[in-house]
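Student: here's a sequence, model it:
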Amino acid sequence: MVVSDATQQFTAVFERELRALARSRSVWLLAVGFFALIVAIAVLGGQAGYVPLVLALLTPVEVLVPVLVVALGYRTILGDRLRGELKVLDTFPITPIRYGLGVYCGRLAVALGILVMTLLVAGFVVPLSGGTPNVLAQSGGLDSPVYYARFVALTMVFAGVILAITLLLSSVARSARRGLVSAVGLLLVVVIGFDLVVIAGVGQGWIVERGLSEALAASPLSAYRGLVMTYAVEPAVTMTVRAASPIASVFSLAVWTSLSLLTASALTGIE
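Tutor: Have a look, this model is predicted:
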């Protein structure tokens, strides 16, 4: 009975999020814009093979995925608080973590739906272009759709991490203006902030070269980039790729996700 109640509570919140996003015109416009930008970039720069496509999409994805996810999630918990729904939910036998997981999974399902559909369509650029997907002539390495599949999977993980951090900021904000400012601040910190701190650390001598790969892994973006370079690019080329430590990157992404989600759930005020 306990398991059944927990499942029902999670499902109710999960389905509510799906319905809310499906009815939102802005979400559909956001999805169309994201799709159009990524596919256009793929058409312009990814005809030579799957690994060149990964390299063409990596930088735009590093920027556009956080924009997509933050736009989908920054008002989630904040909106429930402003509408008084958190107080209503507090009168029901629902735990904070079930609410948090329901909100997270509902928003993540929509984000991943948009993301996967877009990247799959972008991936068809290679076979439809009539290029040479089997050999990377410029590097002498082997190309394969497996590397592009790894890129898609890692991007899905990256989206999940950014969403968890977004929900944490949404749980902290107490007004729509602060929520918007926090969302913009998160984008700036994720996209350029952490990397600037690492660059400054190297320049000032705080970070030595021996510990650079671990320091890079502390940033969600650098950790994601490092995993993509290690598992979706390096196996297909002959050169050595210097990136964040894979083990440290996986650990960093797991910590960012779990701590952000647990803290966001605890700050909802639901008891």
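Student: what helix or strand is residue 48 located in?
Tutor: Under the assignment given by DSSP states H and E, residue 48 is not contained in any helix or strand.
Student: before we move on, what about the one 10 residues further on?
Tutor: For residue 58, the enclosing helix or strand under DSSP H and E is helix 50-73.
Student: would you mind listing the buried residues in that helix?
Tutor: Of all the residues in helix 50-73, those buried under the rule 16 or more other CB atoms under 10 Å are 50-58, 61-62, 64-73. Any C-beta I mention is one placed from the backbone N, CA and C, and that applies to glycine too.
Student: next: stretch 8-21.
Tutor: Buried, per 16+ other CB under 10 Å, within stretch 8-21: 9, 10, 13, 14, 17, 18, 21.
Student: shaky segments in the stretch 51-200 of the chain?
Tutor: Applying pLDDT under 70 to the stretch 51-200 of the chain flags residues 130-141, 198-199.
Student: break down it into its strands, ranges please.
Tutor: 135-136, 141-142 (DSSP state E, counting those that start in this stretch).
Student: ok, residues contacting stretch 55-64?
Tutor: Outside stretch 55-64, the residues within contact range by CB atoms under 8 Å, 6 or more residues apart in numbering are 34, 37-38, 41-42, 44-46, 119, 122, 151, 155, 191, 221, 224-225, 228, 233.
Student: now with 7 Å?
Tutor: By CB atoms under 7 Å, 6 or more residues apart in numbering, the residues outside stretch 55-64 that reach it are 34, 37-38, 41-42, 45-46, 122, 155, 191, 221, 225, 228, 233.
Student: can you check stretch 66-74 too?
Tutor: So stretch 66-74 is contacted by 27, 30, 34, 107, 110-111, 114, 159, 162-163, 166-167, 169-170, 179, 182-183, 186-187, 190-191 (CB under 7 Å, 6+ apart).
Student: output the contacts of stretch 55-64 as TSV; include the columns distance to residue 95, neighbour count and secondary structure.
Tutor: Output for the contacts of stretch 55-64, formatted as TSV (distance: CB to CB, whole Å; neighbours: other CB atoms under 10 Å; DSSP: H, G, I helix; E, B strand; the rest coil):
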residue	distance to residue 95	neighbour count	secondary structure
34	33	20	helix
37	39	15	helix
38	37	22	helix
41	42	19	helix
42	43	23	helix
45	47	15	helix
46	45	24	coil
122	40	23	helix
155	31	25	helix
191	34	14	helix
221	32	23	helix
225	36	22	helix
228	36	27	helix
233	42	22	helix
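Student: redo those residues as TSV? Include distance to residue 142.
Tutor: Converted to TSV, the contacts of stretch 55-64 look like this (distance: CB to CB, whole Å):
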residue	distance to residue 142
34	31
37	29
38	25
41	24
42	21
45	20
46	17
122	21
155	22
191	32
221	28
225	22
228	17
233	12
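Student: from the residues you listed, pick the one nearest residue 129.
Tutor: Nearest to residue 129 out of these is residue 46 (CB to CB; 7.9 Å).
Student: what about the helices in the stretch 1-150 of the chain?
Tutor: Along the stretch 1-150 of the chain, counting by DSSP state H, counting those that start in this stretch, helices occupy 2-22, 25-45, 50-73, 76-82, 85-89, 96-123, 125-129, 145-172.
Student: quick check: which of those is nearest to residue 200?
Tutor: helix 50-73 (19.6 Å).
Student: surely residue 14 and residue 105 touch.
Tutor: Yes. With contacts counted by CB atoms under 7 Å, residue 14 reaches residue 105, the gap being 5.4 Å.
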